[in-house]
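Enquirer: quick one: sequence plus predicted model below, questions after.
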Amino acid sequence: LAWNDAVRMTSTEWPDINDSWHDSHVVSALAAPATWAPRLGVQQLTATGLIRGASEAGWRWLFDVGDVSPAFNPGHSHSDVLSLMLHWTNDAILVDPGVLHYSPNDERRFLRSCHAHNGPCLASEDHTEFAGSFRVGRSVGAVDVAVSETEGEPQARGSYCYPRGVAIHRRLSVAGNTVRLVDTWTSRSGRPIVPWLRFLWAFEPSQLEVMFPHVQSLVFTTKPTASGSRWGVSMIVRGVERPRLSVGESFRAREFGRTVPATETVFTASCNGAEISVETSITRLTLEP
């Protein structure tokens, strides 16, 4: 129960971390009063491997800096180090892919992989080794983890390294109506790398309103959600020419064996080992009266 309260996003919402899913009976039993509100500020939940944050502007998030755990039963873990799950009050924005089934096939492997989660990694390999549906080999956890708060603006960061010398870093900051992520990839050996960054958005592709594709960036806005909010998203790539940026239809598993529509954005590129960065800004737009 303490874990549920620690990672709760709303009175009846939890992120579908690892091999977890929503069950209406469990949600009803664990629901908090409608007046529930998260603790403001940013804190590192050491026992869970998560950084929890909430701002006065309504943002709520979980930033994963843990490793595959628990050590005695790692088989239900996913490869999600530096992944982010984001809400604004009752609106889900960035979501976890969840778990659809336990069959040892390509779909199961993808949904557990770093390539399915909202964190930076390499396109060519996972930083966690999986075998079958539940076996886990090598894995990494975040290092250089830190949280801070300046004038009411929460910040957090974390890094990890692939075995062959590729360092990946994420910095998160929240200021007013905007959440900003800066992801960097550095090849310490100078060898070519292919970075990968996928975001899974809770809204459907039909909710996209305006899109501005550019050679080095991707910008889009959404139609108003049920709460009346509109969202603006921008992704700006630096350090590599002609990156590949795409938007497409996807899904997430809210219940075991069932999917709901979602939208994915994917960044990848081929580079010669120079440092690459992607700055992603997510802004709640002010509606015209």
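Expert: Cool, got the structure.
Enquirer: tell me the contacts of Ser20?
Expert: Trp14, Gly98, Val99 (CB atoms under 8 Å, 6 or more residues apart in numbering). All C-beta spots, glycine's among them, are computed from the backbone N, C-alpha and C.
Enquirer: dump these to JSON lines, plus distance to Phe220, neighbour count and secondary structure.
Expert: Formatted as JSON lines, these follow (distance: CB to CB, whole Å; neighbours: other CB atoms under 10 Å; DSSP: H, G, I helix; E, B strand; the rest coil):
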{"residue": "Trp14", "distance to Phe220": "27", "neighbour count": "20", "secondary structure": "coil"}
{"residue": "Gly98", "distance to Phe220": "24", "neighbour count": "26", "secondary structure": "coil"}
{"residue": "Val99", "distance to Phe220": "28", "neighbour count": "21", "secondary structure": "coil"}
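Enquirer: so how far is Ile236 from the closest residue to His101 other than its chain neighbours?
Expert: Distances taken as CB to CB, 6 or more residues apart in numbering place Gly257 nearest to His101, at 6.1 Å, with adjacent residues excluded. Distance of Gly257 to Ile236, given as CB to CB, to the nearest Å: 38 Å.
Enquirer: how many residues are close by Gly137?
Expert: The local packing of Gly137 (other CB atoms under 10 Å) involves 10 other residues.
Enquirer: so for the nearest residue to it once chain neighbours are set aside, what's the pLDDT?
Expert: Using CB to CB, 6+ apart and skipping the chain neighbours, the partner closest in space to Gly137 is Glu129 (3.3 Å). With respect to pLDDT, Glu129 scores 76.
Enquirer: repeat that for Leu287.
Expert: What the model reports for Leu287 is a pLDDT of 63.
Enquirer: how close does the nearest residue to Trp88 once chain neighbours are set aside sit to Asp5?
Expert: Closest residue to Trp88 apart from its sequence neighbours, by CB to CB, 6+ apart: Gly58 at 5.1 Å. Using CB to CB, Gly58 is found at 19 Å from Asp5.
Enquirer: next: Arg238.
Expert: In terms of CB to CB, Arg238 sits 40 Å off from Asp5.
Enquirer: any idea how many residues pack against the residue nearest to Thr12 when sequence neighbours are not counted?
Expert: Nearest non-adjacent residue to Thr12, counting by CB to CB, 6+ apart: Ala31, 4.9 Å away. Ala31 has 14 neighbours, counted by other CB under 10 Å.
Enquirer: wait, Ala31 sits on Ser11?
Expert: Yes - applying CB atoms under 8 Å as the test, Ala31 and Ser11 come out as touching, 5.8 Å apart.
Enquirer: coming back round to it: so between Gly257 and Ile236, which is more surrounded?
Expert: Neighbour count, other CB under 10 Å: between Gly257 and Ile236, Ile236 has more, with 16 against 9.
Enquirer: next up, identify which helix or strand that one is on.
Expert: Element membership of Ile236, judged by DSSP states H and E, is strand 230-238.
Enquirer: equivalent analysis for Ala167, please.
Expert: Residue-wise, Ala167 maps onto strand 166-175 under DSSP H and E.
Enquirer: average model confidence for that strand?
Expert: Across strand 166-175, the average pLDDT comes to 96.
Enquirer: no further queries at this time; thank you.
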